[in-house]
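Colleague: Build me a model:
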Amino acid sequence: MTLTDAAILLFIALLLIFAIYDQWIMPRRCGKTRLRVALQRRSKIDSLIFIGLIMILIYNNITRHGPVITTTLLMALILVTIYLFWIRTPQLLLKDRGFFFANVWINYDRIKGMNLSEDGVLVIQLEQRKLLVRVKQLDDLERIYETMIENQ
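Modeller: So this is what the prediction gives:
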């Protein structure tokens with residue numbers, strides 16, 4: 001196994017660890033999950049560019065008669081990328097003392113204000129930062145508000 005194959009394998013392992021953490025570990029951290037809300041996905045163009053670059057590497061490896069393991073690892077990297085960017089749904093997890101947004105824990109006492117924009121984006125003002133929560137279904141905004149008020 002070359003250094004390139006080891007690096008690709010390391011990236012695949014890191015992405016799989018992130019996927020396991022995001023799907024199974026994070027919902028169990030910091031207490032019981034009160035509300036789980038599906039969020040809108042970010043632009044998929046970044047993942048398409050990444051997959052395109054990996055396909056160029058696969059083509060280059062095949063035409064130069066490179067190792068088969070490198071081609072296999074690159075294909076596995078594409079599969080993990082498809083799962084993370086196209087199949088997995090980002091979520092907002094509301095707990096008793098705070099919530100997870102973009103895999104970051106935020107306590108409720110850090111919230112300085114909340115506003116709803118005209119296009120249905122919940123803006124949560126923290127000490128030095130604004131969080132823009134874009135939900136898939138607008139009905140979830142009311143449930144988020146009620147859960148946050150109930151737990152503060």
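Colleague: For F100, list the residues it contacts.
Modeller: By Cβ atoms under 8 Å, 6 or more residues apart in numbering, the contact set of F100 is 26, 29-30, 91-93, 106. Heads up, the C-betas are built off the backbone N, CA and C, glycines and all.
Colleague: hmm, which of those residues are the buried ones?
Modeller: Buried members of these, counted by 16 or more other Cβ atoms under 10 Å: 26, 30, 91-93, 106.
Colleague: Any idea which of those residues the model trusts least?
Modeller: Sorting the buried ones among the contacts of F100 by confidence puts C30 at the bottom, with a pLDDT of 85.
Colleague: How about that one, nearest residue that isn't a chain neighbour?
Modeller: Residue nearest to C30 in three dimensions, not counting chain neighbours: K95, with 5.1 Å by Cβ to Cβ, 6 or more residues apart in numbering.
Colleague: my guess is the one you found meets R36, correct?
Modeller: No. Applying Cβ atoms under 8 Å as the test, K95 and R36 come out as separate, 10.3 Å apart.
Colleague: Which residues are in contact with the most centrally placed residue in the chain?
Modeller: For the chain, the residue lying nearest the average C-alpha position, counting by Cα atoms, centre = their mean, turns out to be P90 (5.1 Å). When the contact criterion is Cβ under 8 Å, 6+ apart, the partners of P90 are 38-42, 102.
Colleague: What helix or strand is L77 located in?
Modeller: helix 68-82 (DSSP states H and E).
Colleague: Can you name every helix or strand that that helix contacts?
Modeller: Applying 3 or more Cβ pairs under 8 Å, 6 or more residues apart in numbering; DSSP states H and E, we find helix 68-82 packed against helix 3-20, helix 45-63.
Colleague: Would you mind writing the CA trace of that helix as PDB?
Modeller: Listed in PDB are the C-alpha atoms of helix 68-82, where the atom choice follows Å, rounded to 0.1, in the frame of the first residue of the first chain:
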ATOM      1  CA  VAL A  68      -6.300  -1.500  -8.500                       C
ATOM      2  CA  ILE A  69      -6.500  -0.800  -4.800                       C
ATOM      3  CA  THR A  70      -6.200   2.900  -5.500                       C
ATOM      4  CA  THR A  71      -9.100   2.800  -8.000                       C
ATOM      5  CA  THR A  72     -11.200   0.800  -5.500                       C
ATOM      6  CA  LEU A  73     -10.400   3.300  -2.600                       C
ATOM      7  CA  LEU A  74     -11.300   6.200  -4.800                       C
ATOM      8  CA  MET A  75     -14.700   4.600  -5.700                       C
ATOM      9  CA  ALA A  76     -15.300   4.000  -2.000                       C
ATOM     10  CA  LEU A  77     -14.500   7.700  -1.400                       C
ATOM     11  CA  ILE A  78     -17.200   8.600  -4.000                       C
ATOM     12  CA  LEU A  79     -19.700   6.300  -2.300                       C
ATOM     13  CA  VAL A  80     -19.100   7.900   1.100                       C
ATOM     14  CA  THR A  81     -19.300  11.400  -0.400                       C
ATOM     15  CA  ILE A  82     -22.700  10.500  -2.100                       C
END
